[in-house]
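Colleague: next come a sequence and a model predicted from it.
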Amino acid sequence: MSKNYKYIIQEDTTLTDLINGELSLFKNYSNDGFSLLRVSQDDKSNLDRIWDAYNAVERKTYGSNYTFGVLSFIKNGTELLLPEGKAPLELVAIGGKNIFLKQDDFVGFWSKEYIKLLDDPKYVKLQGIATKLGASTSQIINNSISVWVYVRSLDSIINLSSFVNFLRTESGAGASSFSMGLNPIKSPEDILQFGQDSVFYHNINEEQYTPSYFHKHIQQNDVVFIKFERLGLKADERIDDFIISRDKLAGQIYDFIGLVDTCSESFSSPETDISINVSGRDLMKLFIEDGSYFYPQLFVEGSDKLFFNPQDTSRWFKRSLIYGTFDYIYFYTMQSIRDNLGFIINQLSNLGVVDNDLFSSYSDKKKEIINITGANQDYLEWNEVNGIWQIVDLLVDENISDRRVANGQISRPDGTLLEQINKICDDSFVEFFGDTYSDKYVLIARQKPFTKKAVQDYIKNDIIEIESKDILSIDLQWEEEYYTWYQIFPKDMFFGNDTNVSLGYIPIVYFPTIADTFGNHRLILSDNYLSNQSLVGDTEGKNRDLFKEAVINDFSFVIDINQMLPFTRRGRIVTNGDRRIKKNTYIRVVPTGEIYYVDSVGNTFSANNKDMDRETTIDVSRGMVEKFIKGDVICKENPKKYTYWDVVDVRRIQTTLISKLTQLSATSVKDTPIIPITNNTDGAASVVNLKNVTRANFDVNEDVFNFFLNRKQFE
């Protein structure tokens, strides 16, 4: 029996839009929507599920369609089935863990476009089969690259692939970057084409130095599209033409989309050498260089002092002026993460950096204004999506959709927009990053994917494997980060009347066994979020309890994802070039039997005469032996199945705190990815409050702790 994912429709749509929409999970039904309607489970088809969501008026309107087995209108909240074999896995991934309900054994929370590629059997490096020669293994590696640049001064996309002698991309925290060295030409007429080979020259006149063609024309904010070695996918085509048609931009599998920062040229007279270097960053550059300033239209209307010659049609004016419903958005808090990010991106989208026509081939794949909560028609009509923003998507994890920013500093924006976003997406709970997936740049806000369920779900699917034959070097060490005790300070925007209120809400939790073994390390953090549920209730006391419960859940989450750190490894792995590896995903290191989280990826290509080198450098962390992630191994010393999340009984901490600190029953705790362990020791773990001390039996699970401490996971 085939497995089905359950997908929740996020907004009213049609069957056609659902199937053909950009980043659609149902693309494999593009030519057969009727088959999607017939998918059934528990004697209920997708057609029936769509029908069940209709009200009486809608059933009267679409009744005849339902009789004939066709319904085109699908309502928000409808639960549809998607067969596992039909799911484009790469599309399942970015948007967040609860895009799918819990169904069978997979929950998607990674980059949708990336998982779609991973699921494609042709998403492999195009290279020869490895050959065994005695004790050695040889393999043919394809080191071709593709670099296209939209050059504003020429209003053309030029192909630099044949001229690149060095190329490096770095993708990690913050903005990703690229740098490349180019061989010079004086003009395109200097290029001689022989089949797929290009020969070019650049005469140097020592009496009169003139800028080379590339240095003269490439400038700041020209758009760069980079691909490394060939893949088996048809979409990964290579073009030899010097001028690339704009209709070729869409549908490609890019590794990096970015903007130029500098194009420098150096000339050495004795050797008569010219070197050109082009460097830049990905589209996160737009958030770093732009300041967090927005002017509510209310404050400037009728004023002749703030702006000189204001023009409603000016893109800069639209970017800087807040118009419509959101005159006050940055003067009060408690907005959701999605609405805050959507607001910022909508404002920036007015400034396109490049002309709209550049991305004409993207057609209906272009991004539209993000419809945020409370947006009125004036707001939607005022803002535009221009230029580079047409190929930028925002995806927000359903797990954090209920988050309301309770940090008062957000109402006083200063610094860069990225700094403002980091206030919205608190790194203790939320990851915010951007990366290139297929032919678009995707901004992602999601819950940190370090829970047991998150990791187990991901590794059940096809992930990138690093095999021995591809490893050039490996340098690993035990994680030095760990925490002995935890303290959380919630941002109490509504309920607190004094500065010490947080100490009265949530006590310190510490673990004596960890302290005795490793030393005393503390983790103190502020919780910038308040669950939307705590804003409603019949009484102040109930509101307070809901508030406390929300913070306790966050507190438990932080303990849960950090408890295993002393027993994990981190380091650097250098391999033969593999462009498929993306930051903020997991990889499988076959020789060690471990799963690692990718913190950053560097890809390097160099060409010198006939020699070409291609390497990928991966910085990794949270390395865990895979069989103790799955929990399917019975230990020799103790007939139990251990996992890295069994070091501490987080569920007990959570329920104890709720029971002690609120009037809510511990059974009211929502389902979380925290899994309780079966046995605990009688350790002397404590919850410490400045006003009282509550003893509780939730120190480490001694059997599990000692198992990992003594490195039994490698036996």
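Modeller: Now that the structure is in, tell me what you want to look at. Here the structure is a predicted model, which means the values were calculated and not measured.
Colleague: what helix or strand is the closest residue in space to residue 506 that isn't next to it in sequence on?
Modeller: Once flanking residues are discounted, residue 506 sits nearest to residue 488: 5.2 Å by Cβ to Cβ, 6 or more residues apart in numbering. Every residue, glycine included, has its C-beta placed from N, CA and C. Take DSSP states H and E as the rule and residue 488 turns out to sit in strand 485-490.
Colleague: quick one: residues contacting residue 630.
Modeller: Applying Cβ atoms under 8 Å, 6 or more residues apart in numbering, one finds that residue 630 lies in contact with 456, 459, 643.
Colleague: one step back: what's the strand holding residue 488 packed up against?
Modeller: Packing contacts for strand 485-490, counted by 3 or more Cβ pairs under 8 Å, 6 or more residues apart in numbering; DSSP states H and E, involve helix 501-505, strand 508-510, strand 522-527, helix 540-562.
Colleague: what about the shortest one, average pLDDT?
Modeller: The reference is to strand 508-510. Mean pLDDT, computed over strand 508-510, is 87.
Colleague: what of the first one?
Modeller: Mean pLDDT, taken over the full extent of helix 501-505, equals 45.
Colleague: next one: the last one
Modeller: For helix 540-562, mean pLDDT rounds to 77.
Colleague: stretch 75-86 now?
Modeller: Stretch 75-86 shows a mean pLDDT of 81 in the predicted model.
Colleague: do the same with stretch 231-248
Modeller: Along stretch 231-248, the predicted local confidence has a mean pLDDT of 83.
Colleague: now the end-to-end length of it.
Modeller: Start and end residues of stretch 231-248 are separated by 17 Å (Cα to Cα, to the nearest Å).
Colleague: most neighbours among the contacts of residue 630, which one?
Modeller: Neighbours here mean other Cβ atoms under 10 Å. Within the contacts of residue 630, the largest count is held by residue 643, at 21 neighbours.
Colleague: returning to what we had before: can you tell me which of the contacts of residue 630 are in strands?
Modeller: Residues of the contacts of residue 630 located in strands (DSSP state E): none.
Colleague: so which one among the residues you listed has the lowest pLDDT?
Modeller: By pLDDT, residue 459 ranks lowest within these, coming in at 85.
Colleague: how about it: what's its closest non-neighbour residue?
Modeller: residue 595 (5.7 Å).
Colleague: who's the one you found bridged to?
Modeller: According to DSSP bridges, the residues that bridge with residue 595 are residue 588, residue 624.
Colleague: so what's it up against?
Modeller: Counting by Cβ under 8 Å, 6+ apart, residue 595 makes contact with 455, 459, 586, 587, 588, 589, 623, 624, 626, 629.
Colleague: the first one contacts residue 449, correct?
Modeller: Yes - using Cβ atoms under 8 Å, residue 455 and residue 449 qualify as a contacting pair, with a distance of 7.1 Å.
Colleague: for the stretch 551-700 of the chain, just list every one of the strands.
Modeller: Counting by DSSP state E, counting those that start in this stretch, the stretch 551-700 of the chain has these strands, from start to end: 569-576, 586-589, 594-608, 611-625, 686-688, 693-695.
Colleague: CSV for those strands, including mean pLDDT and distance to residue 708?
Modeller: Converted to CSV, the strands of the stretch 551-700 of the chain look like this (pLDDT from 0 to 100; distance: least, Cβ to Cβ, whole Å):
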stretch, mean pLDDT, distance to residue 708
strand 569-576, 96, 12
strand 586-589, 94, 18
strand 594-608, 94, 13
strand 611-625, 94, 9
strand 686-688, 42, 23
strand 693-695, 45, 26
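Colleague: out of those, the one nearest residue 161 is which?
Modeller: Nearest to residue 161, of all those, is strand 594-608, at 10.5 Å by Cβ to Cβ.
Colleague: let me know the distance separating the residue lying closest to residue 391 once chain neighbours are set aside from residue 361.
Modeller: Nearest non-adjacent residue to residue 391, counting by Cβ to Cβ, 6+ apart: residue 440, 4.8 Å away. Computed as Cβ to Cβ, to the nearest Å, the residue 440 to residue 361 distance reads 12 Å.
Colleague: ok, these two, which is more surrounded?
Modeller: Between residue 440 and residue 361, counted using other Cβ under 10 Å, the more crowded position is residue 440 (21 against 16).
Colleague: next one, pLDDT for the more buried one please.
Modeller: With respect to pLDDT, residue 440 scores 92.
Colleague: you'd agree it is up against residue 365?
Modeller: Yes - using Cβ under 8 Å, residue 440 makes contact with residue 365 at a distance of 7.4 Å.
Colleague: circling back to that earlier point, show me what the residue nearest to residue 506 is bridged to.
Modeller: Here residue 488, judged by DSSP bridges, has bridge partners residue 525.
Colleague: number of nearby residues for it?
Modeller: With neighbours defined by other Cβ under 10 Å, the count for residue 488 comes to 23.
Colleague: shift numbering so it begins at 319
Modeller: Fine by me, first position is 319 from now on; the one you just mentioned is residue 806.
Colleague: so who does it touch?
Modeller: Counting by Cβ under 8 Å, 6+ apart, residue 806 touches 820, 824, 842, 843, 844, 845, 869, 872, 873, 876.
Colleague: which one of these is nearest residue 723?
Modeller: Within the contacts of residue 806, distances to residue 723 taken as Cβ to Cβ reach their minimum at residue 845, with 10.9 Å.
Colleague: ok, the closest one touching residue 805?
Modeller: No - at 10.9 Å, residue 845 does not count as touching residue 805 under the criterion of Cβ under 8 Å.
Colleague: nearest spatial neighbour of residue 744, skipping sequence neighbours?
Modeller: residue 846 (4.4 Å).
Colleague: check that neighbour and give its pLDDT.
Modeller: 75.
Colleague: for residue 354, same thing?
Modeller: Residue 354 is assigned 91 on the pLDDT scale.
Colleague: then the one 10 residues further on?
Modeller: Reading off the per-residue confidence, residue 364 sits at a pLDDT of 93.
Colleague: what is the burial count for it?
Modeller: Applying other Cβ under 10 Å, we find 24 other residues in the vicinity of residue 364.
Colleague: distance check, it against residue 392.
Modeller: With distances taken as Cβ to Cβ, residue 364 is found 9 Å from residue 392.
Colleague: and for residue 963?
Modeller: The spacing between residue 963 and residue 392, counted by Cβ to Cβ, is 37 Å.
Colleague: out of those two, which sits in the busier spot?
Modeller: Under the criterion of other Cβ under 10 Å, the comparison of residue 963 against residue 392 puts residue 963 first, with 28 against 21.
Colleague: quick check: the more buried one touching residue 883?
Modeller: No - distance between residue 963 and residue 883: 11.7 Å, which falls outside the contact criterion (Cβ under 8 Å).
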